[in-house]
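Q: Sequence first, then the predicted structure:
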Amino acid sequence: LESLLDDPDLLATSAYIDGQWVDGDNGRFDVTNPARGDVIAQVADLSRAQVANAIAQAETAQKEWARWTGKERAAVLRKWFDLMMLHQEDLATILTAEQGKPLSEAKGEIAYGAAFIEFFGEEAKRIYGETIPGHQRDKRITVIKQPVGVAASITPWNFPNAMITRKAAPALAAGCAFVARPAGETPLSALAMGVLADRAGIPAGVFNVVTSSSASAIGKEFCENPLVRKLTFTGSTTVGRILLEQAAGQVKKCSMELGGNAPFIVFDDADLDKAVEGAILCKFRNNGQTCVCANRIYVQDGVYDAFAEKLTARVKELKIGDGLKSGMDLGPLINTDAVEKVREHIADAKSKGGAVILGGEVHDMPGNFITPTIITGATKDMAFATEETFGPLAPLFRFTDEDEVIALANDTIFGLASYFYAKDLSRVYKVAEALEYGIVGVNTGIISTEVAPFGGIKQSGLGREGSHHGIEEFLEMKYICMAV
Ligand code: ADP
């Protein structure tokens, strides 16, 4: 991997704490390339005590960082952003090597991830308070916003860069210090961000990366250490529930970006070619491994067969292989369990009358590959109707009327992203309002941007990331009542 990089120093394997590169008390753990299964690095495995130390260092650094003006914080965040874009190619290579997504997608993720640093750096100057007319003649009421303190994050492997910047950028902009625990599968992208944070002049202790093979030990430390004032998590609803329970002991402020089960609805009046393009992007980006990927595709009776045919033709064109080779559309899945889950969902659908009209085969190349799959005749008793597949499986459900599909789409504990294609304006409004989701994509399959509030309702989470709302998660409001 080192030989593929213009700047091999970006490949860091020690943890980054208080501006120092630190070895782990528990030795090192392996990071593998999911396209080949070979070990590409061995990364410091920290003990819980070392993580507690990182939190203590962050707390000290935070006091000084909070005193910086917004403009000063904005200047170093801008540098961090510039460095990430300068090293976009190398960061993408590292990301693909540990995560598997095609290089072009990895480059896209670096630009997307860096954009949060650019955006929130700018926001650092706009943390406005308010004045409220007093309730008595001698009273003056002021509301100020202050950083919560040390924020800690736990993030998944599907976006090794952007899941961290979405949290770290607003935290740092707000004046918080940050302790990131990247997923064990993908720590290298986070450590490379540490290298660049250092070069950008982010003060020691303000941004830390703690690597560990034991997620649950770090999760406990984050929840039980009183110096951590904010926990921000992206991952499954199952783990989110565990963390919320653990955080309850100290009534810790939490943001949760949890699972989804996104419906993608194609109405009779949709532009079918655009709907197919949207479905390709929405379903197969990152090989189906995003929490906003279409999981259930509902197609209205009149266009069902035509949509299935067009989608099949388009999916057949997708190239699958090692993401580090040029021209790939789909990489491997993250591990063998992920492949197994897709196979289970396919087998379950087949046993209940679904027809596999494309794909479904496990490749005989090394690595975790499965061909993109389309199933027709999907029904609500099949596993993917209630569970996220997190893989390249597109089940097509048939429906007849609008109210029926809205009820089906909302019949889930999740409420993150939803999508639909239609032209009739009153239908567009009605459906957009009726979908019980934090995000609705209308005639588009791609909704992620740093300028909009990303987040879910129901059991998909708490809080929002991105936009001016995203920084509020890292700020406390203080009301000052003054008698004059
Ligand atoms: P995914 O299916 O995306 O991996 P998970 O919720 O299992 O979703 O994992 C998200 C992140 O949470 C990963 O970094 C994982 O290591 C971490 N994690 C898993 N279990 C726990 C736990 N009990 N406490 C804290 N973090 C955990």
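A: Noted; the coordinates are in hand. Residues are numbered from 1 along each chain as shown.

Q: Check the secondary structure at the residue of the chain positioned farthest from its centre for me.
A: Relative to the centre of the chain, and counting by CA atoms, centre = their mean, the farthest-placed residue is residue 137 at 49.4 Å. Using DSSP: H, G, I helix; E, B strand; the rest coil, the structure places residue 137 in coil.

Q: separation between it and residue 484?
A: 9 Å (CB to CB, to the nearest Å). (C-beta placed from N, C-alpha, C; glycine too.)

Q: same thing with residue 3?
A: 69 Å.

Q: Check residue 77 too.
A: Residue 77 sits 38 Å away from residue 484, going by CB to CB.

Q: and the two? which has more neighbours close in?
A: Set residue 77 next to residue 484 and count neighbours by other CB atoms under 10 Å: residue 77 wins out with 26 against 7.

Q: and the helix or strand hosting the more buried one, how far out from the chain's middle?
A: Taking DSSP states H and E as the definition, residue 77 sits inside helix 70-86. Distance of helix 70-86 from its chain centroid, counting by CA atoms, centre = their mean, to the nearest Å, is 22 Å.

Q: which outside residues touch it?
A: 65, 91, 110-111, 113-115, 117-118, 120-122, 124-127, 169, 172-173, 175, 193, 196-197, 199-202 (CB atoms under 8 Å, 6 or more residues apart in numbering).

Q: What score does residue 363 have for pLDDT?
A: The per-residue pLDDT reported for residue 363 equals 75.

Q: does residue 35 sit in a helix, a strand or a coil?
A: Relying on three-state DSSP, one would call residue 35 coil.

Q: my bad, should have said residue 303
A: helix.

Q: Give the closest residue to it in space, chain neighbours not counted.
A: residue 268 (5.6 Å; CB to CB, 6 or more residues apart in numbering).

Q: what's the helix or strand for that neighbour?
A: Applying DSSP H and E, one finds residue 268 in no helix or strand.

Q: Equivalent analysis for residue 408, please.
A: Assigned by DSSP H and E, residue 408 falls in helix 402-410.

Q: Packing partners of that helix?
A: Judged by 3 or more CB pairs under 8 Å, 6 or more residues apart in numbering; DSSP states H and E, the packing partners of helix 402-410 are strand 262-266, strand 294-300, strand 393-399, helix 425-434.

Q: C-alpha coordinates for the helix or strand harbouring residue 179, CSV please?
A: With elements taken from DSSP H and E, the one containing residue 179 is strand 177-181. Output of strand 177-181 as CSV, limited to C-alpha atoms (Å, rounded to 0.1, in the frame of the first residue of the first chain):
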residue,chain,number,x,y,z
ALA,A,177,-12.1,18.7,21.6
PHE,A,178,-12.7,15.4,19.8
VAL,A,179,-11.8,11.8,20.4
ALA,A,180,-12.6,9.5,17.4
ARG,A,181,-12.8,5.7,17.6
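
Q: Would you mind listing the buried residues in that strand?
A: For strand 177-181, burial by neighbour count (16 or more other CB atoms under 10 Å) applies to 177, 178, 179, 180, 181.

Q: Dump these into JSON lines; add distance to the ligand and pLDDT as well.
A: Formatted as JSON lines, the buried residues of strand 177-181 follow (distance: CB to the nearest ligand atom, whole Å; pLDDT from 0 to 100):
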{"residue": "177", "distance to the ligand": "20", "pLDDT": "99"}
{"residue": "178", "distance to the ligand": "16", "pLDDT": "99"}
{"residue": "179", "distance to the ligand": "13", "pLDDT": "99"}
{"residue": "180", "distance to the ligand": "10", "pLDDT": "98"}
{"residue": "181", "distance to the ligand": "7", "pLDDT": "98"}
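
Q: In a markdown table, list those along with distance to residue 289.
A: Shown next, in a markdown table, are those (distance: CB to CB, whole Å):
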| residue | distance to residue 289 |
| --- | --- |
| 177 | 30 |
| 178 | 25 |
| 179 | 25 |
| 180 | 20 |
| 181 | 20 |
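
Q: just to revisit the earlier point, return the set of buried residues in the helix holding residue 408.
A: 402, 405, 406, 408, 409, 410.

Q: Hmm, residue 431 and the third one touching each other?
A: So that's residue 406. Yes: between residue 406 and residue 431 there is a contact under CB atoms under 8 Å: 6.5 Å.

Q: Now residue 340: which helix or strand?
A: Going by DSSP H and E, residue 340 is in helix 336-351.

Q: which parts of this structure sit against the ligand?
A: Applying CB under 6 Å from any ligand atom, we find that the chain lies next to the ligand at 154-156, 183-184, 215-216, 219, 235-236, 239, 242-243.

Q: Just the residues you listed: which are in helices?
A: 215, 216, 219, 239, 242, 243 (DSSP state H).

Q: Quick check: pLDDT value at residue 21.
A: 98.

Q: Run through the bridge partners of it.
A: Per DSSP bridges, the residues bridged to residue 21 are residue 16.

Q: OK, contacts around it?
A: Contacts of residue 21 by CB under 8 Å, 6+ apart are 12, 14, 15.

Q: how close does the last one sit to residue 449?
A: The spacing between residue 15 and residue 449, counted by CB to CB, is 31 Å.

Q: Have a look at these two and say which one is more surrounded.
A: More neighbours surround residue 15 than the other of residue 15 and residue 449, with 27 against 13 (other CB under 10 Å).

Q: ok, the more buried one - contacts?
A: 21-24, 43-44, 46, 50, 54, 191, 208-211.

Q: Looking at the contacts of residue 21, spot the one nearest the ligand.
A: Distance to the ligand across those (CB to the nearest ligand atom) is lowest for residue 15, with 15.0 Å.
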